[in-house]
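Chemist: Output the structure for:
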Amino acid sequence: MRKKNLVTAVLVASMLVGSLGVTSTPADAKSKIKLSTTRVSLNGGASKTIKIKGTKKKVKWSVVSGKKNIKLKNKKKTSVKIVGVKRGTAKVQAKLGKKKYICRVTVRKSTPAKTITITTADTQTAEVVHNALNTGKAVNLKVKGSKSSAGNLMSQLSKAVGKYNGYGVVIQRSSSKRTATSTYTTYSISSYDAQLYKYGVLLTADIVNNLKWWYSQELSERKKSLQNEETSIKSKYAVGSDNYKTIFKEITGIPYDNTVSVNGGYAYSADLNYKDGQTAKPKQQTLYYDSRIKLDNTWSLPQDYYYITFTINGKQYTSTSELGWELDRTKYNEESDLDNPDNYFLHHTTEDGVESRVYYKDVTFHYEPLTVDTAKVESTINSKIQSELEAYKTSVRYDDSVEPILTTPFLELSQAYQMYYICQAFGEGEVNGKEDWTAYAYGKAASMRGGKYRGMKNPKGRVDAGDGLSGAKAMLNHKWMGVCQDYTRMEITMYNLFGIKNTAYISCKGCDHSWSAVMVVNSRGERAWLKNDSGSTKSGYKTVPYCSKHDSKAERIDNFVN
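Modeler: You can find the predicted model right below:
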């Protein structure tokens with residue numbers, strides 16, 4: 001009975017399966033989800049891309065064990081690149097929904113670092129070393145000589161490499177190891193330091209080239225503004241202007257032009273009569289001394305003179321103006337006295353405001369043009385123009401100190417100038433400013449973590465601040481954001497790129513602020529501490545010049561770079 005029932009159950013199950021159509025087809029086999037490989041073996045530094053087949057859905061890739069031995073790159077929906085780091089094993093997981101797929105990885109050995117033998121620090125050797133470091137991979141520099149002599153050669157090579165890359169970025173050795181034999185000393189430059197060199201060169205080039213562009217635009221606008229102001233100022237002192245007339249009178253002692261008064265009314269303006277100006281002789285006219293005297297009784301003055309001279313209290317005066325004469329009535333007895341020129345005088349007011357009579361007999365008429373040296377006039381006017389231009393520059397903070405970097409290769413600038421321009425990359429940049437390498441987040445450092453900046457969230461695309469290699473990469477991508485402490489550390493990273501060791505990390509708890517300073521040398525060989533300080537205080541977001549009182553080394557030396 002039991003056998004019958006069992007057979008019946010099997011038959012029924014077979015019929016049901018057939019009726020439901022559950023069969024295996026080639027198409028179903030192809031759609032099965034699986035990894036392209038479940039085992040990978042590679043050397044350190046080598047890579048292998050694996051894929052998941054049978055689906056177009058997005059897969060989540062992760063390392064579930066051996067994280068120190070491998071790393072994942074180029075994570076895509078259905079593929080990932082596995083890179084060997086160090087000897088050992090690891091597991092890579094692909095997760096799709098609740099299903100997990102595992103690939104086992106074996107890293108056999110690390111790729112040996114390239115070794116370069118150094119016997120000299122010439123340009124050719126510097127090129128080889130630069131190219132090796134620029135790959136971002138570890139390299140061994142086998143330098144000829146004992147530790148002492150090899151150290152000197154290594155310093156020369158570092159400078160040569162800085163000269164070769166064009167920006168003075170030297171070989172980085174923050175984590176390098178040194179081993180020595182009797183004839184060679186080997187410096188093992190880690191991949192970290194090689195990458196720091198590589199990205200340091202790129203970042204410096206980016207800063208310099210962007211600043212060149214920005215400063216060229218800025219300088220162009222400044223020059224236009226200065227030219228417009230210069231044109232305006234020059235027009236104020238143009239020949240014939242009131243300013244010109246005043247200066248001309250002050251320098252030469254003669255009026256530039258004059259309006260003469262006849263019978264209390266204005267007649268006309270007299271022309272200049274000197275060699276350096278207008279030399280046309282004035283058109284003379286017969287003037288009368290009083291309206292009650294008939295015109296036919298008026299004495300006629302000499303014609304066609306250029307100027308006159310006369311003396312009052314021992315001082316000689318010159319006049320180029322038309323002259324109005326008056327009859328001295330105390331000498332007028334009869335009509336014949338009208339024809340005596342000695343009976344006529346003119347009025348003259350001296351510098352101290354004293355009016356004097358000058359009689360005809362005391363006046364000398366000159367029929368040759370008056371020679372006036374206008375060089376001093378022009379010199380005085382030019383000085384006034386320059387003085388007003390300098391005052392304008394001061395009022396608008398016009399600064400032409402940016403010109404050297406536009407016309408001089410970076411390496412030919414003094415160290416002070418180089419650091420001055422590199423420091424421009426660290427400032428209170430706008431959060432989304434295109435020309436900014438950094439953005440400043442104000443407030444206490446403790447409240448900065450997790451992307452919160454005192455009510456202001458870390459903008460999309462920005463990364464939290466770092467120094468060293470991570471900071472250089474972030475700045476190069478213009479995605480760096482930090483606070484004063486982060487700035488200071490990254491500034492010192494930049495100084496180290498140039499091999500500058502005389503740096504100072506300055507921190508003040510009282511004003512809740514940090515900043516850096518670096519010892520630099522200008523083109524005259526003078527040394528001074530260059531301070532880079534902008535940031536926040538308890539009172540808010542602003543520059544803190546008074547903080548320099550905490551360390552005399554950090555005083556600003558804006559004029560030092562000139």
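
Chemist: Where do the helices of the chain begin and end?
Modeler: Assigned by DSSP state H, the chain shows helices spanning 2-20, 26-30, 123-133, 147-165, 191-236, 242-252, 375-396, 403-407, 415-422, 468-476, 484-497.

Chemist: Going by mean pLDDT, which of those helices comes out lowest?
Modeler: When those are compared by mean pLDDT, helix 2-20 comes last with a mean of 36.

Chemist: re earlier: is it possible to export the helices of the chain to CSV including distance to residue 83?
Modeler: Quick note: C-beta positions are derived from backbone N, CA and C, even for glycine. Shown next, in CSV, are the helices of the chain (distance: least, C-beta to C-beta, whole Å):
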stretch, distance to residue 83
helix 2-20, 48
helix 26-30, 31
helix 123-133, 20
helix 147-165, 27
helix 191-236, 12
helix 242-252, 76
helix 375-396, 55
helix 403-407, 40
helix 415-422, 33
helix 468-476, 17
helix 484-497, 26
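
Chemist: can I get these in CSV with distance to residue 351 and mean neighbour count?
Modeler: Listed next are these as CSV, based on distance: least, C-beta to C-beta, whole Å; neighbours: other C-beta atoms under 10 Å:
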stretch, distance to residue 351, mean neighbour count
helix 2-20, 127, 9
helix 26-30, 113, 8
helix 123-133, 74, 18
helix 147-165, 68, 18
helix 191-236, 25, 17
helix 242-252, 10, 15
helix 375-396, 18, 14
helix 403-407, 47, 14
helix 415-422, 53, 22
helix 468-476, 68, 22
helix 484-497, 63, 23
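
Chemist: can you tell which of those is closest to residue 355?
Modeler: helix 242-252 (18.2 Å; C-beta to C-beta).

Chemist: what about the closest one, distance to the chain center?
Modeler: 43 Å (C-alpha atoms, centre = their mean, to the nearest Å).

Chemist: Summarise which helices and strands that helix is packed against.
Modeler: Applying 3 or more C-beta pairs under 8 Å, 6 or more residues apart in numbering; DSSP states H and E, one finds that helix 242-252 contacts helix 375-396.

Chemist: okay, and for the stretch 301-450 of the chain, where does confidence drop off?
Modeler: Counting by pLDDT under 70, the stretch 301-450 of the chain shows low-confidence ranges at 301-304, 321-324, 397-402, 404-405, 427-436, 440-450.

Chemist: got the residue ranges for the strands in it?
Modeler: Ranges of strands within the stretch 301-450 of the chain are 307-312, 315-319, 326-327, 344-349, 355-359, 364-366, 438-440, based on DSSP state E, counting those that start in this stretch.

Chemist: any idea how far the residue nearest the centre of the chain is from residue 496?
Modeler: Centrality entry for the chain: nearest residue to the mean C-alpha point is residue 211, 4.7 Å, by C-alpha atoms, centre = their mean. The gap separating residue 211 from residue 496 is 20 Å, by C-beta to C-beta, to the nearest Å.

Chemist: now swap in residue 119 and tell me
Modeler: 27 Å.

Chemist: before we move on, what about residue 418?
Modeler: Where residue 496 is concerned, residue 418 sits at a distance of 14 Å (C-beta to C-beta).

Chemist: mind checking the longest strand of this protein?
Modeler: Ranked by residue count, the top strand of the chain under DSSP state E comes out as strand 99-110.

Chemist: if we look at that one, which residues are touching it?
Modeler: 33-35, 37-45, 50, 52, 64, 66, 69-70, 82, 84-95 (C-beta atoms under 8 Å, 6 or more residues apart in numbering).

Chemist: What subset of the residues you listed is buried?
Modeler: 35, 40, 42, 44-45, 50, 52, 66, 69-70, 82, 84-85, 88, 90, 92, 94 (16 or more other C-beta atoms under 10 Å).

Chemist: from what I can see residue 205 touches residue 198, true?
Modeler: No: judged on C-beta atoms under 8 Å, residue 205 makes no contact with residue 198 at a distance of 11.4 Å.

Chemist: Quick check, residue 437 in contact with residue 481.
Modeler: No: in this structure residue 437 lies outside contact range of residue 481 using C-beta under 8 Å: 10.7 Å.

Chemist: if I look at the residue nearest to residue 493 when sequence neighbours are not counted, how far off is residue 438?
Modeler: Sequence neighbours aside, residue 467 is the residue nearest to residue 493 in space, at 4.7 Å (criterion: C-beta to C-beta, 6 or more residues apart in numbering). Shown here: residue 467 relative to residue 438, a distance of 12 Å by C-beta to C-beta.

Chemist: Now residue 367: phi and psi?
Modeler: Taking degrees, to the nearest 10, you get phi -110, psi 10 for the backbone angles of residue 367.

Chemist: neighbours of it, just the number please.
Modeler: When counting by other C-beta atoms under 10 Å, one arrives at 11 neighbours for residue 367.

Chemist: So what's the residue count around the closest residue to it other than its chain neighbours?
Modeler: In space, and not counting its chain neighbours, residue 367 is closest to residue 305: 5.6 Å by C-beta to C-beta, 6+ apart. Residue 305: 19 surrounding residues under other C-beta under 10 Å.

Chemist: Could you double-check that residue 305 sits in contact with residue 368?
Modeler: No: Residue 305 is not in contact with residue 368 according to C-beta under 8 Å; the separation is 9.6 Å.

Chemist: which residues touch stretch 150-166?
Modeler: Taking C-beta under 8 Å, 6+ apart as the rule, stretch 150-166 contacts 118, 120-123, 125-127, 129-130, 133, 141, 143-145, 168-171, 180, 184-185, 187, 201, 205, 409-411, 498-499.
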